[in-house]
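Student: just coords:
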């Protein structure tokens, strides 16, 4: 397995924290965050990229899939706050070669929360070079 999670998480989380200093960023999804805004970035899938296979049994490339969940709970503007954070997440992932494949607005755990879920994918080499699919 090509383990690229920590490097990619660190890159994206650093950019989110720099732009949204009050955001609580984590790699472990918690559907009931204690602090808002909360941003969860985690690798949800990692599988061998078939078109990158050679005659060896060594995995040369993988498809890395990251899910991002954003929770906001401000009294006014929670949707705007979530979208602003989402733009930063988009820029961070796009900047390193990932492509967004999904963005779904959802209700939070209660009426005081707003939630956005997004997904990003890219092909990653064993040397952690990122290629858009």
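Tutor: Received, thanks. Not measured: the values here are computed from a predicted model.

Student: so where do the helices sit in this protein?
Tutor: 5-19, 78-95 (DSSP state H).

Student: which of the ones you listed sits most buried?
Tutor: Stretch with highest mean neighbour count among the helices of the chain: helix 78-95 (a mean of 18; mean count of other Cβ atoms under 10 Å). Bear in mind the C-beta positions are built from the backbone N, C-alpha and C, glycine included.

Student: can you redo the helices of the chain as TSV with distance to residue 31 and mean pLDDT?
Tutor: Below are the helices of the chain laid out as TSV (distance: least, Cβ to Cβ, whole Å; pLDDT from 0 to 100):
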stretch	distance to residue 31	mean pLDDT
helix 5-19	19	97
helix 78-95	15	97
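
Student: what about the ones you listed, which gets the closest to residue 41?
Tutor: Across the helices of the chain, residue 41 has its closest neighbour in helix 5-19 (5.5 Å, Cβ to Cβ).

Student: Does that closest one pack against any helices or strands, and if so which?
Tutor: In terms of contacts (3 or more Cβ pairs under 8 Å, 6 or more residues apart in numbering; DSSP states H and E), helix 5-19 is packed against strand 24-26, strand 38-48, strand 61-72, helix 78-95.

Student: Let me know the angle separating that helix from strand 61-72.
Tutor: Angle, helix 5-19 to strand 61-72, by axes from the mean of the first three to the mean of the last three Cα atoms, to 10 degrees: 30 degrees.

Student: Quick one: distance of helix 5-19 to the chain centre.
Tutor: How far helix 5-19 lies from its chain's middle: 9 Å, per Cα atoms, centre = their mean, to the nearest Å.

Student: Mind listing residues that contact that helix?
Tutor: Residues outside helix 5-19 that contact it (Cβ atoms under 8 Å, 6 or more residues apart in numbering): 23, 25, 27, 39, 41-43, 46, 64, 66, 68, 85, 88-89, 91-93, 95-96, 98, 128, 130.

Student: Low-confidence bits of the protein, can you list those?
Tutor: Within the chain, the ranges that satisfy pLDDT under 70 run 52-57, 108, 133.
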